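Undergrad: All I have is the shape, not the residue letters:
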């Protein structure tokens, strides 16, 4: 069983079992075991632990755990990501101590059953962040055009997600917009666009669209293109994610 919670700036997965193939993506990833330790390969190293943050664009593979996990995939341009970057201090990963994980397990036992809507989710998330020792900080995106671009992507309602489409809206060349985005966020605009499309397709699937319709509405060339992208970036196909899953959109979070 897999429960997914989708906001503009992150996706939370609570699952009995996740087995993702080796992959990398532009998300920051937080993985928390709800019972013991799990095995994970990060940047060529085999690690075991109760919880870990993995920096963006770091190759990793989460091995079959066989017990419940929390997985947070966080938009690198968000305030939440800026908070976790302080914990990472530029390192590829950070392993949480066991005492922190024990507090989180107690929180899950006490509060998780009551997470039914955006408000209860927000309360749960705030408590989780406090236990992880993460304080909300503003991301260092100083260029107003890049802030506007990120908001345009959050508010988008069509399937057009090319760099040229947004460059025209902002009165910039493709290369200038791509350069500014990389300068402000540390990630490529083309890679961010792919992640945005993947998030949108996932949300549409859980809103009831078929994988084919969701793929086309999100701007993928075909359902197989969506499947390949999801497998490459998340280690799971859209079909894998949807199987035996429950989804709650909590996009009122900011």
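TA: Received, thanks. Not measured: the values here are computed from a predicted model.

Undergrad: what packs against the top helix by length along the chain?
TA: Determined from DSSP state H, the single longest helix within the chain is helix 189-206. With contacts taken as 3 or more CB pairs under 8 Å, 6 or more residues apart in numbering; DSSP states H and E, helix 189-206 sits against strand 2-6, helix 144-155, helix 163-170, helix 174-185, helix 211-217, helix 223-234, helix 238-242, strand 245-249. To be clear about C-beta, it is placed using only N, CA and C from the backbone, and glycine gets the same treatment.

Undergrad: Quick one: closest of those to residue 129.
TA: Residue 129 sits nearest to strand 2-6 of all the helices and strands packed on helix 189-206, at 14.0 Å, using CB to CB.

Undergrad: ok, and what's touching the closest one?
TA: 11-16, 18, 115, 121, 199, 202-203, 206, 241, 243-251 (CB atoms under 8 Å, 6 or more residues apart in numbering).

Undergrad: contacting residues for the nearest residue to residue 191 once chain neighbours are set aside?
TA: Using CB to CB, 6 or more residues apart in numbering and skipping residues adjacent in sequence, the residue nearest residue 191 is residue 26, 5.2 Å away. Neighbour list for residue 26: 56-57, 76, 187-188, 191-192, 195 [criterion: CB under 8 Å, 6+ apart].

Undergrad: what do you get if the cut-off is 7 Å, keeping everything else the same?
TA: For residue 26, the contact set (CB atoms under 7 Å, 6 or more residues apart in numbering) comprises 56-57, 76, 187, 191-192, 195.

Undergrad: one step back: now restrict the contacts of strand 2-6 to buried residues only.
TA: Listed as buried from those are 11-15, 18, 115, 121, 199, 202-203, 206, 241, 247-248, 250; burial here means 16 or more other CB atoms under 10 Å.

Undergrad: ok, so of those, who is nearest residue 149?
TA: Nearest to residue 149 among these, with distances taken as CB to CB, is residue 199, at 15.6 Å.

Undergrad: what about the residue nearest the centre of the chain, helix or strand, and which?
TA: For the chain, the residue nearest the mean C-alpha position is residue 73 (2.4 Å; CA atoms, centre = their mean). Residue 73 belongs to strand 69-74 when elements are defined using DSSP states H and E.

Undergrad: Run through the neighbouring helices and strands of the helix or strand that that strand is followed by.
TA: Of the helices and strands lying after strand 69-74 in sequence (DSSP H and E), the nearest is helix 79-88. Applying 3 or more CB pairs under 7 Å, 6 or more residues apart in numbering; DSSP states H and E, we find helix 79-88 packed against strand 28-33, strand 51-54, strand 69-74.

Undergrad: quick one: which of those strands is nearest residue 214?
TA: strand 69-74 (17.9 Å).

Undergrad: can you list the residues that contact the helix-or-strand element of the chain with minimal mean pLDDT?
TA: Each helix and strand of the chain was given a mean pLDDT (mean pLDDT, DSSP states H and E); the minimum falls on strand 245-249 at a mean of 74. Residues outside strand 245-249 that contact it (CB under 7 Å, 6+ apart): 2-6, 121, 203, 206.
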